[in-house]
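Colleague: I'll drop the sequence and a predicted model, then ask my questions.
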Amino acid sequence: MALFIPEFNLQPLNTLAAPVTAAWYMAVNSETALLEGLSFAAEKNLPLLVLGGGSNLVLAERFEGLVLHMQTKGVWLLNESEEHVILKVAAGETWHDFVMHSLNEGFYGVENLALIPGSVGAAPIQNIGAYGVEVKDVIEEVHAIEVASRMAITFPHSACQFTYRDSFFKQAGIDRYIITHVVFRLNKQAKPNLSYPELAKQFSQFPVSSNAVADAVIKLRQTKLPAPDEIPNVGSFFKNPILNHEEFAKLQALHPSVPCYPQANGEIKIAAGWLIDQAGWKGRELGTARVHDKQALVLTNPQRDRAQAVIALANAISQDVHKRFGVLLEIEPRVYSFERRD
Ligand code: FAD
Ligand code: NAP
């Protein structure tokens, strides 16, 4: 029997530590519980908020609906060949635990994504990425429940429409599906990816083990990023802008040192952190919100204040960057601003 808890405090469940209450909360430990949650919400005409680790959302106001907190667990070996394993993983598993579990089993491909906070179920939503690897590189399928029909649906890789920090689930599929499992194809042979300079610098000679890559990623992240339980944050607040050739040429003519990374389709990714840093925002405060001193892309909420302070800081930064560089910054986490329903 599912337990629906009224007036639930979400502050400990979002890494920005925004003090927000939900009208209803439910810990989802099974698919049956998830279906019960959907029936409860439908009966009471409640909006839904699917919650994983709360590390990529900004809760701006009280939520007058039902929070479905994904807590399902399990890793299943579906298939194995000489080269690969196919693993099905429950949405509520912690992403970093899955990375470490895979390495311990001798399964490779996700080591560069070590220490990314959050759940396995949220990983496909924005196609999480770090140090030259994106989760799309190892996803075979995504299993979900369609909210409207309560039917189980399998999305093959091609239907997920993965792009840079984006997917079908963050675009046309938003709020329509609840991801229950993700199916991964991992390698049995280690193929370390050292394409990022900070990793390449650390490993001057081969062979490099995937465990060593994961250790290096963990250390780099611990040095550069604020641990959310100490200094609340949601990681990068903005995506790196991707410009077409003409837009980039204009920017580079005025700012020749702008860090740029050509994409496979001919567009050019530029480092948003560099733009924010050049505009003088690194380490600055506005109200109770602060730009992290080691990485200008990360906005923090050190006083665990309402999310409005961080949103105001983000707006001030976006406007300034646009004025100085003519580049529009897009917010990466999902901002929830809820209207009270009649
Ligand atoms: P949540 O914040 O709980 O949810 C995010 C969104 O996904 C919400 O809209 C939610 O409704 C939806 N959602 C969650 N689970 C499901 C589900 N099962 N079904 C349907 N919808 C769902 N991201 C990167 O890409 N790369 C990084 O290197 C990285 N580093 C980070 C470092 C720090 C310190 C922090 C705080 C964040 C970082 N992030 C990074 C962002 C974040 O960790 C990822 O986006 C992560 O995948 C979010 O997972 P979550 O479970 O916390 O999602
Ligand atoms: P970094 O190594 O200082 O690099 C700065 C930016 O330049 C990054 O955003 C990265 O883009 C880009 N970059 C660097 N080398 C690149 C290369 N060889 N090819 C293509 N792009 C390159 O970045 P960082 O802040 O320390 O973060 C390290 C990694 O962790 C990055 O991949 C970053 O995305 C990831 N991270 C993400 C979040 C989040 O919340 N989304 C938070 C923390 C860290 P990309 O961002 O596209 O990789």
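Modeller: Arrived safely, thanks for sending. Ligands and ions are numbered 1, 2, ... in the order given.
Colleague: Secondary structure element for the residue of the stretch 201-342 of the chain found nearest ligand 2, which one?
Modeller: Residue nearest to ligand 2 within the stretch 201-342 of the chain (CB to the nearest ligand atom): residue 235, separated by 2.4 Å. C-beta: built from backbone N, CA, C; applies to glycine. Element membership of residue 235 [criterion: DSSP states H and E] is strand 233-236.
Colleague: cool, residue 22 as well?
Modeller: Per DSSP H and E: strand 21-28 holds residue 22.
Colleague: Now residue 202: closest residue in space that isn't a chain neighbour?
Modeller: Across the structure, with CB to CB, 6 or more residues apart in numbering as the measure, the residue nearest residue 202 apart from its sequence neighbours is residue 216 (5.2 Å).
Colleague: Confirm for me that the one you found is in contact with residue 199.
Modeller: Yes. Residue 216 is within contact range of residue 199, at 6.0 Å (criterion: CB atoms under 8 Å).
Colleague: picking that back up, run through the neighbouring helices and strands of the strand holding residue 22.
Modeller: Counting contacts by 3 or more CB pairs under 8 Å, 6 or more residues apart in numbering; DSSP states H and E, strand 21-28 packs against strand 5-9, helix 31-44, strand 63-70.
Colleague: buried stuff in the second one?
Modeller: Residues of helix 31-44 classed as buried: 31, 33-34, 36-38, 40-41 (neighbour count, 16 or more other CB atoms under 10 Å).
Colleague: Below-threshold pLDDT in this protein: ranges please.
Modeller: Within the chain, the stretches falling below the threshold (pLDDT under 70) are 1, 205-206, 338-342.
Colleague: Is stretch 66-84 in proximity to ligand 1?
Modeller: Yes. Stretch 66-84 lies within reach of ligand 1 by CB under 6 Å from any ligand atom, at residue 70.
Colleague: Of all the residues in that stretch, which ones are buried?
Modeller: For stretch 66-84, burial by neighbour count (16+ other CB under 10 Å) applies to 66-72, 75, 84.
Colleague: One more: stretch 329-339?
Modeller: With burial defined by 16+ other CB under 10 Å, the residues of stretch 329-339 counted as buried are 329, 331-333, 336, 338.
Colleague: how about those residues in a markdown table, adding distance to residue 253 and secondary structure?
Modeller: As requested, the buried residues of stretch 329-339 are arranged in a markdown table below (distance: CB to CB, whole Å; DSSP: H, G, I helix; E, B strand; the rest coil):
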| residue | distance to residue 253 | secondary structure |
| --- | --- | --- |
| 329 | 20 | coil |
| 331 | 27 | strand |
| 332 | 28 | coil |
| 333 | 32 | coil |
| 336 | 39 | strand |
| 338 | 44 | coil |
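Colleague: mind giving me CSV with the residues you listed and columns for distance to ligand 2?
Modeller: Converted to CSV, the buried residues of stretch 329-339 look like this (distance: CB to the nearest ligand atom, whole Å):
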residue, distance to ligand 2
329, 13
331, 11
332, 6
333, 8
336, 17
338, 23
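Colleague: Tell me the one of these nearest residue 110?
Modeller: In terms of CB to CB, no member of the buried residues of stretch 329-339 lies closer to residue 110 than residue 332, at 20.2 Å.
Colleague: ok, and the closest non-adjacent residue to that closest one?
Modeller: Residue nearest to residue 332 in three dimensions, not counting chain neighbours: residue 239, with 4.9 Å by CB to CB, 6+ apart.
Colleague: That neighbour: neighbouring residues, count only.
Modeller: By the measure other CB atoms under 10 Å, the count of residues near residue 239 is 17.
Colleague: Quickly note the distance from residue 22 to residue 52.
Modeller: Residue 22 is 15 Å from residue 52, where distance means CB to CB, to the nearest Å.
Colleague: cool, residue 278 as well?
Modeller: Separation of residue 278 from residue 52 (CB to CB) stands at 34 Å.
Colleague: circling back to that earlier point, secondary structure element holding the residue nearest to residue 202?
Modeller: Element membership for residue 216, per DSSP H and E: helix 210-224.
Colleague: before we move on, the earlier item: please identify which of the buried residues of stretch 329-339 is nearest to residue 248.
Modeller: The nearest member of the buried residues of stretch 329-339 to residue 248, counting by CB to CB, is residue 329 at 15.5 Å.
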